[in-house]
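Q: Provided below are the primary sequence and the corresponding predicted coordinates.
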Amino acid sequence: MEPLNTAMTEPVKPALAASAAPVQLGGGEVALQALPGIPDIEPGDDLARLLIESLERAGMALRDGDILVIAHKVVSKAEGRIVRLCDVEPGAEALRLAAEVGKDPRKVEVILRESTRVVRAVKRAQQSEGTLIAEHRLGFICANAAVDESNVGSAETVILLPEDPDRSARRLCERLERHFGVRVGVVITDTFGRPWRMGLVNVAVGLARVPSQVSLIGGRDAFGRELSVTVPALADELAAASGLLMSKDGKTPAILFRGVDWQPVHSRARDLVRPPQEDLFR
């Protein structure tokens, strides 16, 4: 795909709605492109500046309505959300769970610190290491409370989600909008498994401007039938699509989306967490 080159547009002041309004999805064309040349991120790095420099080197000035989807690990690294396991002293609960599932007790201790509860701990006979599903303090239910060892950059080290991914997304979004003078959105992602489905997909864990969901209720399908329950998870759709270009070994942690039909809102990724009273799977 050719670079998404564009001339600078006049500054646009974002008009923020209070909640997601019904929109018409589909029928257009959406372009995706990985931002090239983003360096390895270290704690304290100015991630917004590095994203801007990557865009400008590639001649990819942002346009009004563009969305950047960013892997949380570069955000977490810049914010110093990295833990050296040699600095962790596991407690009694971590030691017990580690023995049950065959994990490093220091990692289990970090998982417990990031969690509000352990949902499931299991180890099957053929596994060298078991599964620990936990409810993250932000409400996400996922393996290891999103504590991960991949793409950290050093051994005996784990990386956590940002302290407040929505706040991180807002800060990045504000810097990008101020620099390019346009309205944009930011989605921060992590990779989760899914109940009842095999494999992993990227999901939204932090949002700025981009709706978590869009309501199509009251609209019509292609045959004129009124829609009564259709509410696509737009932020998760964008996150999942970003995985097509965000390979684990490709060092492409930021994907530019152009052509998405959306309206800016005051959004939170936590709005994608199903409330307990609606959770039929607990």
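A: Thanks, I have the structure now.
Q: which helix of this structure spans the most residues?
A: Longest helix of the chain, by residue count under DSSP state H: helix 165-180.
Q: so which elements touch it?
A: Packing contacts for helix 165-180, counted by 3 or more C-beta pairs under 8 Å, 6 or more residues apart in numbering; DSSP states H and E, involve helix 47-57, strand 67-71, helix 72-78, strand 185-194, strand 197-208. Yep, even glycine has a C-beta here, placed from its N, CA and C like the rest.
Q: what's the span of stretch 30-43 from first residue to last?
A: One end of stretch 30-43 to the other measures 33 Å (C-alpha to C-alpha, to the nearest Å).
Q: rewinding a little: possible to save the helices and strands packed on helix 165-180 as JSON lines with mean neighbour count and distance to Pro253?
A: Below are these laid out as JSON lines (neighbours: other C-beta atoms under 10 Å; distance: least, C-beta to C-beta, whole Å):
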{"stretch": "helix 47-57", "mean neighbour count": "17", "distance to Pro253": "10"}
{"stretch": "strand 67-71", "mean neighbour count": "25", "distance to Pro253": "4"}
{"stretch": "helix 72-78", "mean neighbour count": "24", "distance to Pro253": "4"}
{"stretch": "strand 185-194", "mean neighbour count": "23", "distance to Pro253": "9"}
{"stretch": "strand 197-208", "mean neighbour count": "20", "distance to Pro253": "11"}
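Q: so which of those is nearest Val30?
A: Nearest to Val30, of all these, is strand 67-71, at 9.6 Å by C-beta to C-beta.
Q: can you give me how far the closest one is from the chain middle?
A: 8 Å (C-alpha atoms, centre = their mean, to the nearest Å).
Q: related to what we said a few turns ago, in a markdown table: the helices and strands packed on helix 165-180, plus mean pLDDT.
A: Formatted as a markdown table, the helices and strands packed on helix 165-180 follow (pLDDT from 0 to 100):
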| stretch | mean pLDDT |
| --- | --- |
| helix 47-57 | 97 |
| strand 67-71 | 98 |
| helix 72-78 | 97 |
| strand 185-194 | 96 |
| strand 197-208 | 96 |
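Q: could the ones you listed go into a markdown table alongside distance to Arg270?
A: Converted to a markdown table, those look like this (distance: least, C-beta to C-beta, whole Å):
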| stretch | distance to Arg270 |
| --- | --- |
| helix 47-57 | 22 |
| strand 67-71 | 18 |
| helix 72-78 | 14 |
| strand 185-194 | 12 |
| strand 197-208 | 9 |
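Q: nearest to Lys248, of the ones you listed?
A: strand 185-194 (8.8 Å).
Q: what lines up beside that closest one in the sheet?
A: Applying DSSP bridges, strand 185-194 is found paired with strand 67-71 (parallel), strand 197-208 (antiparallel).
Q: is it true that Gly185 touches Gly206?
A: No. Gly185 is not in contact with Gly206 according to C-beta atoms under 8 Å; the separation is 11.3 Å.
Q: tell me where the stretch 1-150 of the chain has strands.
A: 31-34, 67-71, 82-84, 115-122, 131-136, 141-143 (DSSP state E, counting those that start in this stretch).
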